[in-house]
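Chemist: got a sequence here, can you build the structure:
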Amino acid sequence: ARTPSRTELQEPSMSDTAETATEEAQAAPRLKTHFEEQIVLRLMERFDLKNRMAVPRLHKVALNMGVGEAVSDQNAMADAVATLRGITGQQPVVTRARRSVAGFHVREGMPLGCKVTLRGKRMYEFLDRLISVVLPRVRDFRGLSRSAFDGTGNYTLGIVESAVFPELDLDKLKNIFGLDVTIVTTARTDQEGFELLSLLGMPFQQ
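Modeler: Have a look, this model is predicted:
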């Protein structure tokens, strides 16, 4: 194990702590503030929880984009990476084939997609945009299915065309891809996950 330096072992001063707290308060995303100030208490009442720390909350949001076209089009992967970077503000990780599949002309190690994992501030900001801006732009959108939970309170939704994200400059992209968005929570059950996401504003079908 690494030995911490003397600087790391020093306690932060009162002024440093106050300054950090002020910066965090100023930078807190709207959805996180809404969660901490209103949703936590409602979840405590809903599930008869005595401790705020037991309340289900967001853990991370994972975006995954499969790019089958990359097998025959070298530019496809570049467009996919640019798309996810534009949507999230974070550099994607390229995912590669774990083994060769001759029938699909796939070789081991070939790039087949990309992914991004969001936490903290970016996670809340992305989810806020998804709820308030992106989903309303989806053609013929009639609400999210309640059946897409995984049994432990995590939820995955598919977006057929990334063009619904207003952050993208479509004139610079030759390829438009769909993507999967997985919202990982600390919920223990699908019911807890559903209540959490519903209170955050996720538009589930009635």
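
Chemist: for the most centrally placed residue in the chain, phi and psi?
Modeler: Nearest residue to the geometric centre of the chain (C-alpha atoms, centre = their mean): residue 61, 2.3 Å. Torsion angles at residue 61 (phi, psi; degrees, to the nearest 10) stand at phi -130, psi 120.

Chemist: do residue 83 as well
Modeler: phi -70, psi -50.

Chemist: quick one: contacts of stretch 31-46?
Modeler: 49-50, 52, 55-58, 121, 124-125, 127-128, 192, 195-196, 199-201 (C-beta atoms under 8 Å, 6 or more residues apart in numbering). Bear in mind the C-beta positions are built from the backbone N, C-alpha and C, glycine included.

Chemist: return the subset of these lying in helices.
Modeler: Cross-referencing the contacts of stretch 31-46 against helices under DSSP state H gives 121, 124, 125, 127, 128, 192, 195, 196, 199, 200.

Chemist: who wins for neighbours among those residues?
Modeler: Highest neighbour count within these, by other C-beta atoms under 10 Å: residue 196, with 25 neighbours.

Chemist: how about the contacts made by that residue?
Modeler: Residue 196 touches 39, 43, 56, 57, 58, 153, 185, 187, counting by C-beta under 8 Å, 6+ apart.

Chemist: and those, which two are furthest apart?
Modeler: 39 and 153 (14.8 Å; C-beta to C-beta).

Chemist: low-confidence ranges, this protein, go.
Modeler: 1-26, 68-73, 97-111 (pLDDT under 70).

Chemist: where do the strands of it begin and end?
Modeler: 58-66, 93-96, 111-118, 155-159, 179-185 (DSSP state E).

Chemist: buried stuff in stretch 88-96?
Modeler: For stretch 88-96, the buried set under the neighbour-count rule, 16 or more other C-beta atoms under 10 Å, comprises 88, 92.

Chemist: also stretch 119-139?
Modeler: 122, 123, 124, 125, 126, 127, 128, 129, 130, 131, 134, 135.

Chemist: over to stretch 53-60?
Modeler: 55, 56, 57, 58.

Chemist: over to stretch 198-206?
Modeler: Here stretch 198-206 shows 199, 200, 202 as buried, counting by 16+ other C-beta under 10 Å.

Chemist: how long is stretch 145-153 from one end to the other?
Modeler: Stretch 145-153 stretches 14 Å from its first residue to its last (C-alpha to C-alpha, to the nearest Å).

Chemist: whoops, stretch 28-43 was the one
Modeler: With C-alpha to C-alpha, one end of stretch 28-43 sits 21 Å from the other.

Chemist: identify each buried residue in it, please.
Modeler: Per 16+ other C-beta under 10 Å, stretch 28-43 contains these buried residues: 29, 31, 32, 34, 35, 39, 40, 43.

Chemist: for the nearest residue to residue 150 once chain neighbours are set aside, grab the count of nearby residues.
Modeler: Excluding the flanking residues, the one nearest residue 150 by C-beta to C-beta, 6 or more residues apart in numbering is residue 156, at 7.1 Å. By other C-beta under 10 Å, 14 other residues sit near residue 156.

Chemist: give the bridge partners for residue 156, please.
Modeler: residue 182 (DSSP bridges).
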